[in-house]
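**Q** Below is the structure, and that's it, no one-letter string:
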């Protein structure tokens, strides 16, 4: 007789929630997912099956997904972890955590997939805030292997240990973040790059296409092979020191987002979701680019797996 499946609860079945559920299912867990919009269930189930397949799993594992419409419905007592993946609105996340505080046994970790909000602010004053942490995946969550485990100001270290162990067992590359700061670790590094990327566009130094090509075909091309610190060590840290002395004084250090970015958002030029951003995004081009993007990520995943 086979051992009972380990159980995870996921709240919110948007793209992130579906892909997080797929990670657990592909790893042999069962998942109870809360999605209040029952009309979305068929779409969510299809996304989960597709994501399991991309993980080289058996799409039949999706049979171990149970969708429910109410936060009160899951059997939280049998769960080892509860993952909140509702839309990125602080008040909504705070409301969800306040309700989970009384629904979920105090021994079960509750984690948020928030990409910018601190778990300290999300959990707020709830009684069991010591079992709350941030578990930050990157879209598409099932393909990007890295996941951040962030310790809040009130998080018990043993909770982060338990969450990290679960993620490690599911084949994720765990990045521990010891302090609860906005953006955690990866997004702080990423947004430093994005601030300069938009700044050079603001200045007329380059087009959006130039920026994409400079990152993708120049220094960004190396990141799959080695992170930025290792790259600079391999080249010699003295070179980085001298380059920094020359370049840093001219870099953007504005605390405000790019004027170009603000203008595009004000004009509802958001990218594929509105059909236009820096460039036009007709449906056929969007579909083609998304497919190419996921193929490239899958190829990168396979390269990294060969190193393990």
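**A** Yep, it's here. These numbers were taken from a predicted model, which means no experiment stands behind them.

**Q** got a list of contacts for whichever strand or helix holds residue 246?
**A** Secondary structure assignment for residue 246, by DSSP states H and E: helix 237-247. Helix 237-247 is contacted from outside by residue 232, using CB atoms under 8 Å, 6 or more residues apart in numbering. Every C-beta, even on glycine, is put in place using the N, C-alpha and C of the backbone.

**Q** Return the set of buried residues in it.
**A** For helix 237-247, the neighbour count (16 or more other CB atoms under 10 Å) marks no residue as buried.

**Q** any idea how far the next helix or strand after that helix is from the chain center?
**A** Per DSSP H and E, the first helix or strand lying C-terminal to helix 237-247 is helix 259-266. Distance of helix 259-266 from the chain centroid (CA atoms, centre = their mean, to the nearest Å) equals 24 Å.

**Q** So which residues make contact with the very next helix or strand once past helix 259-266?
**A** Next along the chain after helix 259-266, taking DSSP H and E as the criterion, comes helix 283-307. Helix 283-307 is touched from outside by 54, 140, 143, 144, 145, 224, 272, with contacts defined as CB under 8 Å, 6+ apart.

**Q** Please name the residues that touch the first one.
**A** Neighbour list for residue 54: 142, 143, 294, 298 [criterion: CB under 8 Å, 6+ apart].

**Q** Buried members of the contacts of helix 283-307 into ChimeraX, please.
**A** A single ChimeraX command is used to select the members of these judged buried by 16+ other CB under 10 Å:
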select :54,140,143,144,145,272
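
**Q** Now render the contacts of helix 283-307 as a markdown table, adding distance to residue 308, secondary structure and pLDDT.
**A** Shown next, in a markdown table, are those (distance: CB to CB, whole Å; DSSP: H, G, I helix; E, B strand; the rest coil; pLDDT from 0 to 100):
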| residue | distance to residue 308 | secondary structure | pLDDT |
| --- | --- | --- | --- |
| 54 | 18 | helix | 93 |
| 140 | 20 | coil | 95 |
| 143 | 16 | coil | 94 |
| 144 | 16 | coil | 96 |
| 145 | 10 | coil | 95 |
| 224 | 14 | coil | 92 |
| 272 | 33 | coil | 96 |
